[in-house]
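K.L.:
sequence plus the predicted model coming up.
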Amino acid sequence: MNILIYLIPAALVLGALGLVAFLWSMRSGQFDDLDGAAYRILDDEDEKPGS
Amino acid sequence: MSCCAPGTEGSLQLDAARQGLPSNEELLLSSQTLDDGLHQIDLSVPDVHCGGCIKTIEDGLSALPLVQRARVNLSTKRVSVVWSPAQGDPAQIVQTLSTLGYQPHLFDLGVEGGDETLSMLVRSLAVAGFAAANIMLLSVSVWSGAEASTRDLFHWISAVIAIPALAYSGRVFFRSAFSALSHGRLNMDVPISLAVVLAFLMSLYETANSGEHAYFDASVTLLFFLLIGRTLDHVMRERARSAVKGLARLAPRGAMVVGKNGQRDFLPIEDITTGMTILLAAGDRVPVDARVVKGVSDLDCSLVNGESVAQTVTPGEVLRAGTLNLTGPLTIEALAPARQSFLAEMIRLMEVAEGAKAGYRRLADRAAQLYAPVVHLVALLSFVGWLAVSGDWQRALYIAIAVLIITCPCALALAVPVVQVVASGRLFEAGIMVKDGTAMERLAEIDSVTFDKTGTLTLGQPRLINRGDIGTRNLMLAAALGAHSRHPLSRALAAAAPDTRQAPPSFDSIKEEPGAGLEATRQGVIYRLGRANWALDPKTETADPADSYQPGQTVLSADGVFLAAFVFDDALRPDAAAAVAALRNRGLAVDMVSGDQVGIVRRLAEALGIPSFKGGVLPEAKSRHVAGLAEAGHRVLMVGDGLNDAPALVRAHVSMAPATAADVGRNAADFVFLHDSLSAVTIALDVSRKAGQLIRQNFALAILYNMIAIPTAVLGYATPLVAALAMSSSSIVVVLNSLRLRRPNPADHRAKSGKEESAVGLLAIGRGT
């Protein structure tokens, strides 16, 4: 069961990464306009979100 | 993307001219200054609804030299524009938007700010989700049969993850439960907090003693589910609040004040004091109660007293705040600051009327009031019972806590908010904003509907009704003349212009005579459009058409000779008759109260099939009428738009206002509908009733679940595995049941289901942070 010493921290770190990624994406405004994003992808001259 | 139908633009432009776009000064007042000398303004554009609209607006605005950046937010239906004041007037921005066919509205940035509560809830939710996922992962390995040492290790790791998660994410519930308890009340958060904390403490004790059953997963998962409910609840209220706030402000934000030395300043309305001299241009609303010093004009008072006919004012007359100056510029003297104007009187009446709603208790709170004591009693009884039977206090305590955990009102806490979020999403698509969740609960209970007339059943705009009697040439002349004035009758004539390929006649000169009409010269002939006693020259008047008009009627004349007389009527709101009939079909009593003259009210009531009506009613009397119905045991839905309706809107069990309503009325109403059609009333009623039904079903499901779960727990068969399965499945069943509301209703073919809002709205919670 020594393998757990590596696996559990690895699992927790991956989970924490997901959490941090979510908090970051929220702060950077990626959830500000959910309906618009669906249409913007059809537009050729798109810009970055959340300006 | 052809949903932005061409052809609607003409009418929108007319609208824009009638409503008046925000002026330069107003735009400057409500914009934010950025670091590099640029300004940013957020405008609400409720008509945006597809990718084509986004592109049209962004391209159109970016083409203006002063605009640096323009970005449309489709979810909030707003456009955020960054512009440099050095390169031109911001009025171009709103003009461009309006020309493109999107009516822009201003809203207060100051009040807006960031939504702190929402970001706190979402962060708590994210942390709880992370902890729940990881602890569940470890728990599954334990349930799969880990050996004792590994199990203990996993339990300890779970405890380490759970402590910060509970402390961080549980704050919302702990705080609310504490404040409820300290006031001697019980709310849903009390059993929640107890279950979560006790489950954690018991698991910690078990873990320290190398016990087999630890409820770390249950306590964190509970928190996660409950936070979802809490966040959805908050999102719904916030969305409605900001949407309503984003609508046009009909009360002016400021006015042009003339100082002692003749200098002109644009002052915000709060700074206007008694005695100040104000210049009021045609198209402006009267900012405060005032007296006319100079000038003659026509005033649209429909929002204030419900009268549909424009009034002529001359020097010395007193104007009420909120009326609209239509035809000529006026110089007025403020009689009272904004806080003491007509508006303030309405607000006082509204405060008096408060009560019907304050007494209403939310369905969820009523459920909690019953639920919490029952659960605590069951837990206590099982403790006492097991102690008596086995004599083992540790085992008795363990079972009592298991009962608390398994009965934690997870499904119950989700039962209401999920349905209300889905329902408000449905209404949002149909152009109806809901102020708060209880509004839908209350709307589902109504048994009678009271309508206001002007602006509610009618659009508050006159319409030409004797078009057939007027020759094409005269109608063209009148329409071309009418296009030059803001007067509602002129607007109606302009809108009634015949469809011909000929160019409209052009005039050499046009001038407006406020209170009388329009005068124009064309090829040496003087045309007059206005009151008969002004437009017609008594000397040249022939006896022949004399009986086809009255002195005050609107006529067209050439060199004083009668050409045509026009008859107007207030245009009905689309689907008004259908909506009234549909409401009566549903067994609701429908009546109408109006401040307008009884004769006009009677004619409309007969046309719409409304059996009971009252005319010439004062604001207090409106409120009393609604109160009278309430005392007779009716639950009244009040639909109205004017300032004079506001007290009645507050007094009613539930209320609704069109988006064109006065600020105060709109703030007083529980529902605000954006589209012209009155079918909004029936849609809102149907969705609310369906939502009420689903909420009760959800409660039934939650109770059914408890009826199975409680005996299991009381008998001591509940293990962490059973608890986890039972709690999650009951929550999922409740959520799925709520989502049935999203299924398109065959009878409701108006609801455009073009866009798919994320079902649970989980992703939407990031908005506004």
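P.N.:
Thanks, I have it. For clarity, every value in this text was computed on a predicted model and none was experimentally measured.
K.L.:
chain A against chain B: which residues are in contact?
P.N.:
A:1, A:4, A:8, A:11-12, A:15-16, A:18-19, A:22-23, A:25-27, A:30-36, A:38-40, A:42-43, A:51 (C-beta under 8 Å from any C-beta of the partner chain). The way it works is simple: take the backbone N, C-alpha and C, and place the C-beta from them, glycine included.
K.L.:
of these, buried ones?
P.N.:
Burial by neighbour count, 16 or more other C-beta atoms under 10 Å in any protein chain shown: within the residues of chain A next to chain B this picks out A:8, A:11-12, A:15, A:19, A:22-23, A:26, A:31-36, A:39-40.
K.L.:
report the two of those residues separated the most.
P.N.:
Every pair in those was compared (C-beta to C-beta); the two farthest apart turn out to be A:Ile8 and A:Tyr39, at 43.4 Å.
K.L.:
tell me where chain A has strands.
P.N.:
Listed in chain order, chain A contains no strands at all (DSSP state E).
K.L.:
mind naming the longest helix for chain A?
P.N.:
Counting by DSSP state H, the longest helix found in chain A is helix A:3-27.
K.L.:
name the residues that touch it?
P.N.:
The contact list for helix A:3-27, computed with C-beta atoms under 8 Å, 6 or more residues apart in numbering or on different chains, reads A:31, B:119, B:122-123, B:126-127, B:129-130, B:133-134, B:137-138, B:150, B:153, B:157, B:161, B:766, B:769.
K.L.:
do the same with stretch B:732-743
P.N.:
Stretch B:732-743 has contacts (C-beta under 8 Å, 6+ apart) with B:411, B:414-415, B:418-419, B:422-423, B:425-426, B:687, B:690-691, B:694, B:697-698, B:701-702, B:705, B:759-760.
K.L.:
CA atoms of that stretch as PDB?
P.N.:
Provided in PDB are the C-alpha atoms of stretch B:732-743 (Å, rounded to 0.1, in the frame of the first residue of the first chain):
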ATOM      1  CA  ILE B 732     -31.300  14.400  -8.000                       C
ATOM      2  CA  VAL B 733     -35.000  13.300  -8.200                       C
ATOM      3  CA  VAL B 734     -36.100  16.700  -7.000                       C
ATOM      4  CA  VAL B 735     -33.900  18.500  -9.500                       C
ATOM      5  CA  LEU B 736     -35.000  16.400 -12.400                       C
ATOM      6  CA  ASN B 737     -38.600  16.900 -11.500                       C
ATOM      7  CA  SER B 738     -38.100  20.700 -11.400                       C
ATOM      8  CA  LEU B 739     -36.500  20.600 -14.900                       C
ATOM      9  CA  ARG B 740     -39.800  19.300 -16.300                       C
ATOM     10  CA  LEU B 741     -40.900  22.900 -16.300                       C
ATOM     11  CA  ARG B 742     -38.400  23.500 -19.100                       C
ATOM     12  CA  ARG B 743     -40.300  21.200 -21.400                       C
END
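K.L.:
what residues sit buried inside that stretch?
P.N.:
Within stretch B:732-743, judged by 16+ other C-beta under 10 Å, the buried ones are B:733-735, B:737-738, B:741.
K.L.:
repeat that for stretch B:427-443.
P.N.:
B:427-443.
K.L.:
ok, now stretch B:98-106?
P.N.:
B:98, B:100-106.
K.L.:
then stretch B:705-712?
P.N.:
For stretch B:705-712, burial by neighbour count (16+ other C-beta under 10 Å) applies to B:705-706, B:709-710, B:712.
K.L.:
what of stretch B:211-230?
P.N.:
Neighbour-count burial for stretch B:211-230, counted by 16+ other C-beta under 10 Å, picks out B:213-230.
K.L.:
do stretch B:717-735 as well
P.N.:
B:718, B:720, B:722-724, B:726-728, B:730-731, B:733-735.
K.L.:
please flag which of those sit within strands.
P.N.:
The strands, defined by DSSP E, take in nothing from those.
K.L.:
CSV for the residues you listed, including distance to B:Gly37?
P.N.:
What follows is the buried residues of stretch B:717-735, written out as CSV (distance: C-beta to C-beta, whole Å):
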residue, distance to B:Gly37
B:Ala718, 66
B:Pro720, 61
B:Val722, 65
B:Ala723, 61
B:Ala724, 58
B:Ala726, 61
B:Met727, 56
B:Ser728, 55
B:Ser730, 58
B:Ser731, 52
B:Val733, 57
B:Val734, 53
B:Val735, 50
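K.L.:
just name the closest of the residues you listed to B:Lys77, please.
P.N.:
B:Lys77 lies nearest to B:Val735 out of these, by C-beta to C-beta, at 27.0 Å.
K.L.:
any idea how far that closest one is from B:Thr521?
P.N.:
For B:Val735, the distance to B:Thr521 equals 71 Å [C-beta to C-beta, to the nearest Å].
K.L.:
next: B:Asp35.
P.N.:
From B:Asp35 across to B:Thr521, the span is 55 Å (C-beta to C-beta).
K.L.:
who has more neighbours out of those two?
P.N.:
The neighbour comparison of B:Asp35 against B:Thr521 (other C-beta atoms under 10 Å in any protein chain shown) goes to B:Thr521, with 13 against 5.
K.L.:
quick check: which element contains the more buried one?
P.N.:
Using DSSP states H and E, B:Thr521 sits in strand B:517-522.
K.L.:
apart from its chain neighbours, what residue comes closest to B:Gly254?
P.N.:
B:Pro268 (4.6 Å; C-beta to C-beta, 6 or more residues apart in numbering or on different chains).
K.L.:
give me the spatial nearest neighbour of B:Gln553, chain neighbours excluded.
P.N.:
B:Ala532 (5.2 Å).
K.L.:
can you confirm B:Gly587 is in a strand?
P.N.:
No - applying DSSP: H, G, I helix; E, B strand; the rest coil, one finds B:Gly587 to be coil, outside a strand.
K.L.:
ok, now which ones touch it?
P.N.:
B:Gly587 neighbours (C-beta under 8 Å, 6+ apart): B:Asp447.
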